[in-house]
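1. 3D, please:
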Amino acid sequence: EYLTATFRNLKTHKCCFNLCLQNYSMAVYLVKQQSSTVLLQRLRAKGIRNPDHSRALIKEKLTADPDSEIATTSLRVSLLCPLGKMRLMIPCRALTCSHLQCFDATLYIQMNEKKPTWVCPVCDKKAPYEHLIIDGLFVEILNSCSDCDEIQFKEDGSWAPMRSKKEVQEVSSASLNNGLDGEFIDANSSRRADYPVEVIDLTLDSSSDEDEPDSPPPPPPALPPPIKRACPSLSPTSPPVINKG
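-> Below is the predicted model of the structure:
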(Lines give C-alpha, C1' and ligand atoms only; values in the text may rest on other atoms or scores of the structure.)
Protein backbone atom coordinates (compact mmCIF):
# COMPACT_ATOMS: atom_id res chain seq x y z
CA GLU A 1 0.00 0.00 0.00
CA TYR A 2 2.82 2.37 0.77
CA LEU A 3 4.50 1.72 -2.58
CA THR A 4 1.19 2.14 -4.43
CA ALA A 5 0.59 5.48 -2.77
CA THR A 6 4.13 6.54 -3.61
CA PHE A 7 3.76 5.73 -7.29
CA ARG A 8 0.47 7.58 -7.43
CA ASN A 9 2.14 10.66 -6.09
CA LEU A 10 4.94 10.28 -8.61
CA LYS A 11 2.47 10.02 -11.50
CA THR A 12 1.09 13.41 -10.59
CA HIS A 13 4.60 14.84 -10.92
CA LYS A 14 6.01 13.29 -14.09
CA CYS A 15 9.23 15.19 -13.96
CA CYS A 16 10.08 13.89 -10.51
CA PHE A 17 9.11 10.38 -11.55
CA ASN A 18 11.47 10.45 -14.54
CA LEU A 19 14.27 11.80 -12.35
CA CYS A 20 13.88 8.96 -9.86
CA LEU A 21 13.93 6.31 -12.57
CA GLN A 22 17.16 7.64 -13.99
CA ASN A 23 19.26 8.07 -10.82
CA TYR A 24 17.92 5.62 -8.21
CA SER A 25 16.92 2.00 -7.86
CA MET A 26 14.96 0.20 -5.19
CA ALA A 27 14.95 -3.44 -3.97
CA VAL A 28 12.97 -5.38 -1.40
CA TYR A 29 14.56 -8.30 0.50
CA LEU A 30 12.88 -10.87 2.70
CA VAL A 31 15.27 -11.78 5.53
CA LYS A 32 15.08 -14.05 8.54
CA GLN A 33 17.23 -13.76 11.66
CA GLN A 34 19.10 -16.96 12.55
CA SER A 35 19.78 -18.01 16.12
CA SER A 36 23.28 -18.54 17.50
CA THR A 37 22.66 -22.30 17.68
CA VAL A 38 21.96 -22.51 13.94
CA LEU A 39 25.00 -20.36 13.10
CA LEU A 40 27.23 -22.53 15.29
CA GLN A 41 25.99 -25.69 13.56
CA ARG A 42 26.71 -24.16 10.16
CA LEU A 43 30.21 -23.19 11.28
CA ARG A 44 30.91 -26.75 12.39
CA ALA A 45 29.48 -28.08 9.14
CA LYS A 46 32.10 -26.06 7.23
CA GLY A 47 34.74 -28.30 8.80
CA ILE A 48 38.01 -27.74 10.64
CA ARG A 49 40.89 -26.03 8.94
CA ASN A 50 43.98 -28.14 8.30
CA PRO A 51 46.56 -27.73 11.12
CA ASP A 52 49.33 -27.34 8.52
CA HIS A 53 48.00 -23.87 7.66
CA SER A 54 48.59 -22.70 11.23
CA ARG A 55 52.02 -24.35 11.36
CA ALA A 56 53.02 -22.54 8.19
CA LEU A 57 51.83 -19.27 9.74
CA ILE A 58 53.92 -19.97 12.84
CA LYS A 59 57.07 -20.63 10.78
CA GLU A 60 56.46 -17.46 8.82
CA LYS A 61 56.17 -15.36 11.95
CA LEU A 62 59.25 -16.90 13.61
CA THR A 63 61.49 -16.79 10.54
CA ALA A 64 64.51 -14.61 11.23
CA ASP A 65 64.62 -11.40 9.23
CA PRO A 66 68.18 -10.68 8.00
CA ASP A 67 67.51 -6.93 7.97
CA SER A 68 66.34 -6.89 11.60
CA GLU A 69 68.60 -6.99 14.63
CA ILE A 70 65.90 -8.58 16.81
CA ALA A 71 64.91 -12.19 16.13
CA THR A 72 61.85 -13.89 17.62
CA THR A 73 62.53 -17.53 18.49
CA SER A 74 59.28 -18.42 20.26
CA LEU A 75 55.70 -17.25 20.50
CA ARG A 76 53.43 -17.57 23.54
CA VAL A 77 49.69 -18.02 23.04
CA SER A 78 46.95 -18.35 25.63
CA LEU A 79 44.36 -21.14 25.61
CA LEU A 80 41.81 -18.89 27.33
CA CYS A 81 39.15 -17.03 25.38
CA PRO A 82 39.68 -13.24 25.51
CA LEU A 83 35.90 -12.77 25.74
CA GLY A 84 34.94 -14.98 28.69
CA LYS A 85 38.42 -15.64 30.18
CA MET A 86 37.59 -19.35 30.08
CA ARG A 87 39.25 -22.29 28.37
CA LEU A 88 38.55 -22.49 24.65
CA MET A 89 35.94 -25.00 23.55
CA ILE A 90 35.66 -24.23 19.81
CA PRO A 91 38.77 -22.23 18.83
CA CYS A 92 38.19 -20.02 15.83
CA ARG A 93 39.38 -16.78 14.23
CA ALA A 94 38.71 -14.87 11.03
CA LEU A 95 40.53 -15.39 7.76
CA THR A 96 41.33 -11.69 7.70
CA CYS A 97 43.20 -11.89 11.05
CA SER A 98 46.99 -12.27 11.04
CA HIS A 99 47.38 -13.38 14.67
CA LEU A 100 47.42 -16.92 16.05
CA GLN A 101 45.35 -16.23 19.14
CA CYS A 102 41.86 -17.77 18.86
CA PHE A 103 38.57 -16.97 20.56
CA ASP A 104 35.65 -19.23 21.41
CA ALA A 105 33.13 -19.47 18.58
CA THR A 106 30.15 -20.03 20.88
CA LEU A 107 30.74 -16.89 22.96
CA TYR A 108 31.54 -14.80 19.89
CA ILE A 109 28.36 -15.76 18.04
CA GLN A 110 26.18 -15.36 21.15
CA MET A 111 27.54 -11.87 21.82
CA ASN A 112 26.93 -10.80 18.23
CA GLU A 113 23.41 -12.22 18.41
CA LYS A 114 22.59 -9.63 21.07
CA LYS A 115 24.68 -6.79 19.63
CA PRO A 116 25.89 -7.48 16.08
CA THR A 117 29.24 -5.76 15.75
CA TRP A 118 31.30 -8.69 14.33
CA VAL A 119 34.63 -7.26 15.48
CA CYS A 120 37.56 -9.52 16.41
CA PRO A 121 38.20 -9.35 20.20
CA VAL A 122 41.96 -9.77 19.64
CA CYS A 123 42.88 -7.26 16.92
CA ASP A 124 39.64 -5.17 16.75
CA LYS A 125 39.31 -5.73 13.01
CA LYS A 126 36.17 -6.75 11.17
CA ALA A 127 35.52 -10.47 11.58
CA PRO A 128 32.18 -11.28 9.88
CA TYR A 129 30.54 -14.66 10.25
CA GLU A 130 31.37 -15.67 6.66
CA HIS A 131 35.12 -15.36 7.40
CA LEU A 132 35.17 -17.45 10.58
CA ILE A 133 37.15 -20.72 10.59
CA ILE A 134 37.84 -23.38 13.24
CA ASP A 135 41.59 -23.81 13.79
CA GLY A 136 42.59 -27.48 13.58
CA LEU A 137 45.94 -26.98 15.31
CA PHE A 138 44.33 -25.48 18.41
CA VAL A 139 41.79 -28.32 18.44
CA GLU A 140 44.67 -30.81 18.64
CA ILE A 141 46.38 -28.80 21.38
CA LEU A 142 43.23 -28.54 23.50
CA ASN A 143 42.60 -32.28 23.20
CA SER A 144 46.15 -33.26 24.17
CA CYS A 145 46.89 -30.60 26.82
CA SER A 146 44.33 -30.24 29.60
CA ASP A 147 46.41 -29.06 32.57
CA CYS A 148 47.80 -25.74 31.31
CA ASP A 149 46.36 -22.48 30.02
CA GLU A 150 49.30 -21.21 27.95
CA ILE A 151 51.55 -22.72 25.30
CA GLN A 152 54.71 -21.74 23.44
CA PHE A 153 55.22 -22.17 19.70
CA LYS A 154 58.72 -22.82 18.38
CA GLU A 155 60.42 -22.10 15.08
CA ASP A 156 59.72 -25.52 13.59
CA GLY A 157 55.97 -25.24 14.28
CA SER A 158 56.01 -27.45 17.36
CA TRP A 159 54.60 -26.36 20.71
CA ALA A 160 55.21 -26.93 24.41
CA PRO A 161 53.05 -26.19 27.49
CA MET A 162 54.00 -23.20 29.63
CA ARG A 163 53.74 -23.54 33.40
CA SER A 164 54.04 -20.87 36.05
CA LYS A 165 56.88 -20.81 38.58
CA LYS A 166 54.45 -21.67 41.38
CA GLU A 167 53.35 -24.87 39.64
CA VAL A 168 56.97 -25.89 38.99
CA GLN A 169 57.86 -25.39 42.66
CA GLU A 170 54.84 -27.44 43.77
CA VAL A 171 55.82 -30.28 41.44
CA SER A 172 59.44 -30.26 42.64
CA SER A 173 58.43 -30.17 46.32
CA ALA A 174 56.01 -33.04 45.77
CA SER A 175 58.75 -35.14 44.17
CA LEU A 176 61.07 -34.42 47.11
CA ASN A 177 58.42 -35.40 49.66
CA ASN A 178 57.95 -38.75 47.92
CA GLY A 179 61.51 -39.83 48.88
CA LEU A 180 61.93 -42.85 51.21
CA ASP A 181 63.29 -42.65 54.77
CA GLY A 182 67.03 -43.08 55.02
CA GLU A 183 67.61 -41.87 51.45
CA PHE A 184 69.27 -38.68 50.34
CA ILE A 185 68.34 -37.00 47.04
CA ASP A 186 71.30 -35.44 45.34
CA ALA A 187 70.41 -32.04 43.85
CA ASN A 188 72.98 -32.43 41.05
CA SER A 189 71.89 -35.91 40.05
CA SER A 190 68.59 -37.55 39.25
CA ARG A 191 69.65 -40.73 41.14
CA ARG A 192 69.11 -41.31 44.81
CA ALA A 193 72.15 -42.07 47.01
CA ASP A 194 71.62 -44.31 50.03
CA TYR A 195 73.38 -43.28 53.23
CA PRO A 196 73.40 -45.23 56.54
CA VAL A 197 71.35 -43.68 59.29
CA GLU A 198 72.53 -44.01 62.89
CA VAL A 199 69.73 -44.95 65.29
CA ILE A 200 70.03 -44.20 69.02
CA ASP A 201 67.63 -46.03 71.33
CA LEU A 202 66.85 -43.92 74.39
CA THR A 203 64.81 -46.66 76.08
CA LEU A 204 67.83 -48.81 77.03
CA ASP A 205 69.02 -48.79 80.69
CA SER A 206 72.31 -47.13 81.46
CA SER A 207 75.30 -49.38 82.08
CA SER A 208 76.49 -50.23 85.58
CA ASP A 209 79.91 -48.75 84.87
CA GLU A 210 78.52 -45.29 84.73
CA ASP A 211 78.54 -43.39 87.99
CA GLU A 212 75.21 -42.69 89.52
CA PRO A 213 74.47 -39.02 90.06
CA ASP A 214 75.02 -37.68 93.60
CA SER A 215 71.95 -37.59 95.81
CA PRO A 216 70.76 -34.12 96.76
CA PRO A 217 71.86 -32.87 100.27
CA PRO A 218 69.33 -33.24 103.13
CA PRO A 219 67.32 -30.17 103.96
CA PRO A 220 68.49 -28.07 106.99
CA PRO A 221 66.72 -28.71 110.41
CA ALA A 222 63.79 -26.51 111.21
CA LEU A 223 64.38 -23.72 113.71
CA PRO A 224 62.39 -23.73 116.99
CA PRO A 225 59.55 -21.23 117.19
CA PRO A 226 60.35 -17.96 119.04
CA ILE A 227 59.42 -17.72 122.75
CA LYS A 228 56.46 -15.49 123.35
CA ARG A 229 56.98 -12.88 126.10
CA ALA A 230 54.14 -11.20 127.92
CA CYS A 231 53.75 -7.50 127.58
CA PRO A 232 54.54 -5.73 130.97
CA SER A 233 51.62 -3.36 130.65
CA LEU A 234 49.20 -6.27 130.34
CA SER A 235 50.68 -8.57 133.01
CA PRO A 236 48.25 -9.27 135.97
CA THR A 237 51.08 -9.27 138.55
CA SER A 238 52.26 -5.71 137.81
CA PRO A 239 50.96 -2.95 140.17
CA PRO A 240 48.25 -0.73 138.80
CA VAL A 241 49.27 2.63 137.51
CA ILE A 242 47.63 5.57 139.43
CA ASN A 243 47.25 8.83 137.64
CA LYS A 244 47.76 11.62 140.18
CA GLY A 245 46.73 14.30 137.81
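
2. these two touch, right, residue 87 and residue 149?
-> Yes - at 6.8 Å, residue 87 counts as touching residue 149 under the criterion of Cβ atoms under 8 Å. Yep, even glycine has a C-beta here, placed from its N, CA and C like the rest.

3. between those two, which contacts overlap?
-> Taking Cβ atoms under 8 Å, 6 or more residues apart in numbering as the contact rule, residue 87 and residue 149 both touch 79-80.

4. look at the two and report which has more neighbours.
-> A direct count of neighbours by other Cβ atoms under 10 Å for residue 87 and residue 149 places residue 149 higher, at 16 against 13.

5. residue contacts, that one?
-> So residue 149 contacts 78-80, 87 (Cβ under 8 Å, 6+ apart).

6. restricted to buried residues, select the residues you listed in PyMOL.
-> The following PyMOL line selects those of those that are buried, judged by 16 or more other Cβ atoms under 10 Å:
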select buried, resi 79
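
7. looking at the contacts of residue 149, which one is closest to residue 53?
-> The closest of the contacts of residue 149 to residue 53 turns out to be residue 79 (Cβ to Cβ; 18.9 Å).

8. now do that closest one against residue 144, distance only.
-> Remark: distance between residue 79 and residue 144 (Cβ to Cβ, to the nearest Å) = 11 Å.

9. where in this protein is pLDDT low?
-> 1-3, 6-22, 64-71, 164-245 (pLDDT under 70).

10. in it, which spans are helices?
-> 2-12, 14-23, 36-45, 51-62, 105-114, 136-144, 165-177 (DSSP state H).

11. relative to helix 136-144, how tilted is the fourth one?
-> Between the axes of helix 51-62 and helix 136-144, defined by axes from the mean of the first three to the mean of the last three Cα atoms, to 10 degrees, the angle is 100 degrees.

12. helix 51-62 - contacts with which helices or strands?
-> In terms of contacts (3 or more Cβ pairs under 8 Å, 6 or more residues apart in numbering; DSSP states H and E), helix 51-62 is packed against strand 74-78, helix 136-144, strand 150-154.

13. tell me which of those lies nearest to residue 104.
-> Taking Cβ to Cβ, helix 136-144 is the member of the helices and strands packed on helix 51-62 nearest to residue 104, at 10.6 Å.
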